[in-house]
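1. here is my input, please return the structure:
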Amino acid sequence: MAEKKLIATVPRSATEELHVAISEYKGKSYLDMRIHYTTDDGQTWLPTKKGVTCSPENLETLRDAIDEAMKEFTSEEE
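-> Now for the predicted structure:
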């Protein structure tokens, strides 16, 4: 398996983060969103089984859903 390219890290708690990365599986690239945990104060982050993999063909649908959620949250704040 090829090296993952980390795109973003979203803190969830002191010991958990959501890692958003581009990864490769069987020669195809995917967007991988996975919960990682630490037991050494953040020096090492290890993946859990909790995550979602999205194929490039579905990224536009995912982006549209996130855009819609952003609109909902923005309208709630007003």
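2. all helices of this protein, in order?
-> 59-77 (DSSP state H).
3. extract the C-alpha trace of the helix or strand bottoming out on mean pLDDT in it and format it as CSV.
-> Sorting the helices and strands of the chain by mean pLDDT, DSSP states H and E puts helix 59-77 at the bottom, at a mean of 92. Output of helix 59-77 as CSV, limited to C-alpha atoms (Å, rounded to 0.1, in the frame of the first residue of the first chain):
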residue,chain,number,x,y,z
LEU,A,59,-16.3,13.4,-3.8
GLU,A,60,-18.6,15.9,-5.5
THR,A,61,-21.6,14.5,-3.7
LEU,A,62,-19.7,14.6,-0.4
ARG,A,63,-18.7,18.2,-1.0
ASP,A,64,-22.3,19.2,-1.9
ALA,A,65,-23.5,17.5,1.4
ILE,A,66,-20.8,19.4,3.4
ASP,A,67,-21.8,22.7,1.6
GLU,A,68,-25.4,22.1,2.5
ALA,A,69,-24.5,21.4,6.2
MET,A,70,-22.5,24.6,6.3
LYS,A,71,-25.5,26.5,5.0
GLU,A,72,-27.7,24.9,7.7
PHE,A,73,-25.3,25.7,10.5
THR,A,74,-24.8,29.3,9.2
SER,A,75,-28.5,29.9,9.1
GLU,A,76,-28.9,28.6,12.7
GLU,A,77,-26.4,31.1,14.0
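4. and the contacts of that helix?
-> For helix 59-77, contacts defined as C-beta atoms under 8 Å, 6 or more residues apart in numbering pick out 31, 54. Yep, even glycine has a C-beta here, placed from its N, CA and C like the rest.
5. tell me, how many residues neighbour residue 58?
-> 12 (other C-beta atoms under 10 Å).
6. next one: residue 35
-> Neighbours around residue 35, by other C-beta under 10 Å: 17.
7. which residues does it bridge with?
-> Listed beta-bridge partners, residue 35: residue 18 (assigned using DSSP bridges).
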